[in-house]
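Asker: turn this into a model:
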Amino acid sequence: MTFDPQIPSWGKDFSNNVVEKLLPYHSWLSSTGVKTGLISPKNDQFIWDEFIVHSLYFYKIMLEINCSTEDIYDLGTGAGIPGIPLGIVSNNNVKLIDIKQKRVYELERFLQSQKLSNLQAIKADAQILLKQQENTTFVMRCYIPKNSLVKTLEKNLEINKNNTYIISSNSKNYDQLTEKFHVKQEKFFINTNEYRFIDVITVK
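Answerer: Prediction:
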């Protein structure tokens with residue numbers, strides 16, 4: 001398969017020089033990421049589309065909602081998805097949160113090698129952060145199902161009124177969950193013929 005690292009048309013507002021900035025991360029994912037077990041073996045095109053382009057749509061959403069929080073928390077980041085692409089293309093401080101120290105070590109090595117000073121890998125319990133952080137934007141690709149997240153948020157609504165949660169979704173069908181939450185679903189192409197979904201959740 002020919003590797004074609006393209007950005008879909010929805011990325012035209014921020015795509016200038018983006019590919020060149022992201023290629024070192026793609027190379028790291030396909031080599032170190034696979035060798036250390038951060039991701040399972042995948043071909044280069046899959047890694048680009050599913051991990052990098054998918055992550056960039058989180059950034060598009062942040063631009064559209066005028067995300068003003070100073071720090072972005074990527075919960076259950078694993079190999080830095082979506083946090084590293086977010087940090088590469090933005091000026092936001094992105095905190096890559098994972099419970100496993102081995103993953104944090106690998107992320108730290110990559111961040112240092114690329115001099116990505118606005119990104120920080122942190123060993124922490126994401127569930128605790130969800131209950132403590134205020135005025136924060138959380139991004140999550142595969143960390144927690146939407147319904148489980150909402151149950152966690154319902155237990156601490158006063159704090160969560162000031163937060164924004166941007167998470168991957170598996171389906172175009174979604175419930176409004178409860179009257180306490182607003183859910184906006186985004187549908188987007190990751191390449192020429194496949195699309196994915198991301199949900200933006202806020203407390204009403």
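Asker: show me what contacts residue 28?
Answerer: residue 110 (CB atoms under 8 Å, 6 or more residues apart in numbering). The C-beta positions use only the backbone N, C-alpha and C, and glycine is treated the same way.
Asker: could you look up the SS state of it?
Answerer: helix (DSSP: H, G, I helix; E, B strand; the rest coil).
Asker: what sits closest to the most centrally placed residue in the chain if chain neighbours are left out?
Answerer: Among the residues of the chain, the one closest to the centroid is residue 82, at 2.7 Å (CA atoms, centre = their mean). Counting by CB to CB, 6 or more residues apart in numbering, the nearest residue to residue 82 once its immediate chain neighbours are dropped is residue 55, at 3.3 Å.
Asker: what of residue 168?
Answerer: With CB to CB, 6+ apart, the residue lying closest to residue 168 is residue 141, at 4.9 Å.
Asker: how far away is that neighbour from residue 91?
Answerer: Distance of residue 141 to residue 91, given as CB to CB, to the nearest Å: 21 Å.
Asker: who has more neighbours, these two?
Answerer: residue 141 (22 against 6; other CB atoms under 10 Å).
Asker: wait, that one touches residue 84, no?
Answerer: No. Using CB atoms under 8 Å, residue 141 is not in contact with residue 84, being 11.3 Å away.
Asker: now the common contact residues for those two.
Answerer: residue 55.
Asker: neighbours of the closest residue to residue 125 other than its chain neighbours, just the number please.
Answerer: Closest residue in space to residue 125, ignoring its immediate chain neighbours: residue 99 at 6.0 Å, by CB to CB, 6+ apart. As a burial measure, residue 99 scores 13 neighbours (other CB under 10 Å).
Asker: phi, psi for residue 99 please.
Answerer: phi -80, psi -20 (degrees, to the nearest 10).
Asker: residue contacts, it?
Answerer: Applying CB under 8 Å, 6+ apart, we find residue 99 in contact with 76, 123-126.
Asker: quick one, which of those are buried?
Answerer: Neighbour-count burial (16 or more other CB atoms under 10 Å) applied to the contacts of residue 99 gives 76, 126.
Asker: residues contacting the longest helix seen in the chain, please?
Answerer: Scanning the chain for the longest helix, with DSSP state H as the assignment, gives helix 101-114. The contact list for helix 101-114 (CB under 8 Å, 6+ apart) reads 24-25, 28, 32-33, 36, 38, 77-80, 84, 96, 98, 116, 119-123.
Asker: what's the following helix or strand after that helix?
Answerer: For helix 101-114, the following helix or strand on the C-terminal side (DSSP states H and E) is strand 119-123.
Asker: tell me which other helices or strands whichever helix or strand comes after that following strand touches.
Answerer: For strand 119-123, the succeeding helix or strand toward the C-terminus, using DSSP H and E, is helix 126-132. In terms of contacts (3 or more CB pairs under 8 Å, 6 or more residues apart in numbering; DSSP states H and E), helix 126-132 is packed against strand 71-75, helix 146-154.
Asker: try 6 Å
Answerer: Using 3 or more CB pairs under 6 Å, 6 or more residues apart in numbering; DSSP states H and E as the contact test, no helix or strand touches helix 126-132.
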